[in-house]
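Quick check, what structure comes out for this input:
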Amino acid sequence: MTYSGGRILLSSQGEGQVSRFRPWVMIVTPLAAILFQVYAPLFFPFLSFLELPLLVVIYFALMRRSQLSGLAVGALVGLAQDSLSKNPLGMFGIVKTLVGYFASSVGVRLDVDNTVMRLLLTLFFSLFHQFFYWLLVRALLNQPLAFELQKTLVLSVLNAVVGVSIYHFLDKLRETS
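Numbers count the residues shown, from 1 in each chain. Purely as a prediction, here's the structure:
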């Protein structure tokens, strides 16, 4: 581990390297995640806890290490998810845009190829997503929505574990430089 250049916990090989993806990966992966989010719970209700669009936003934001890219991925995925859900347009767009921005900011500073780091970051951003969504629903829509901390923690842990396994698959789709 090195601590030079203002970066924390970066490995010496490929330090701070920006990952590149083919254009079709950047289109198909979020689209598949959104379609999974919409249609999988209809046939398999036990999968309703899984927030695949969020996991895709976190992954691409962490790996691209660009705040602008993180903003764009978060906004596009969030707005597409809003358009296919019964939620007011913009709720997931706002939350996922913030998650994309903060995840890409963290990706600049940390070694995001480390599995434990990915697990912790996905857990944190999943909690952040749920809390900020709750905050927006209460503040912008003035609707009562319960924030159950224990349930949110369990669902965030499950999403983090699934996310880390999905990240290993997505790593194989990265372009090698």
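
got the end-to-end distance for stretch 36-53?
9 Å (C-alpha to C-alpha, to the nearest Å).

for this structure, what spans make up the helices?
23-43, 52-64, 67-84, 91-109, 115-140, 149-171 (DSSP state H).

Turn the ones you listed into JSON lines, including distance to Q17 and mean pLDDT.
C-beta coordinates here come from the backbone N, C-alpha and C atoms, glycine included. JSON lines is the format used below for the helices of the chain (distance: least, C-beta to C-beta, whole Å; pLDDT from 0 to 100):
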{"stretch": "helix 23-43", "distance to Q17": "17", "mean pLDDT": "93"}
{"stretch": "helix 52-64", "distance to Q17": "9", "mean pLDDT": "95"}
{"stretch": "helix 67-84", "distance to Q17": "14", "mean pLDDT": "94"}
{"stretch": "helix 91-109", "distance to Q17": "11", "mean pLDDT": "94"}
{"stretch": "helix 115-140", "distance to Q17": "15", "mean pLDDT": "94"}
{"stretch": "helix 149-171", "distance to Q17": "13", "mean pLDDT": "95"}
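
I'd like the ones you listed written out as a markdown table, with mean neighbour count added.
A markdown table is the format used below for those (neighbours: other C-beta atoms under 10 Å):
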| stretch | mean neighbour count |
| --- | --- |
| helix 23-43 | 15 |
| helix 52-64 | 27 |
| helix 67-84 | 21 |
| helix 91-109 | 23 |
| helix 115-140 | 18 |
| helix 149-171 | 16 |
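
Isn't R118 up against V162?
No. Counting by C-beta atoms under 8 Å, R118 sits too far from V162 to count as a contact (11.8 Å).

Nearest residue to G100 in space, ignoring adjacent ones along the chain?
G74 (2.6 Å; C-beta to C-beta, 6 or more residues apart in numbering).

What residues does the residue nearest to the spatial centre of the chain make contact with?
Centrality entry for the chain: nearest residue to the mean C-alpha point is I58, 2.5 Å, by C-alpha atoms, centre = their mean. Residues in contact with I58 (C-beta atoms under 8 Å, 6 or more residues apart in numbering) are 99-100, 103, 121-122, 125, 163.
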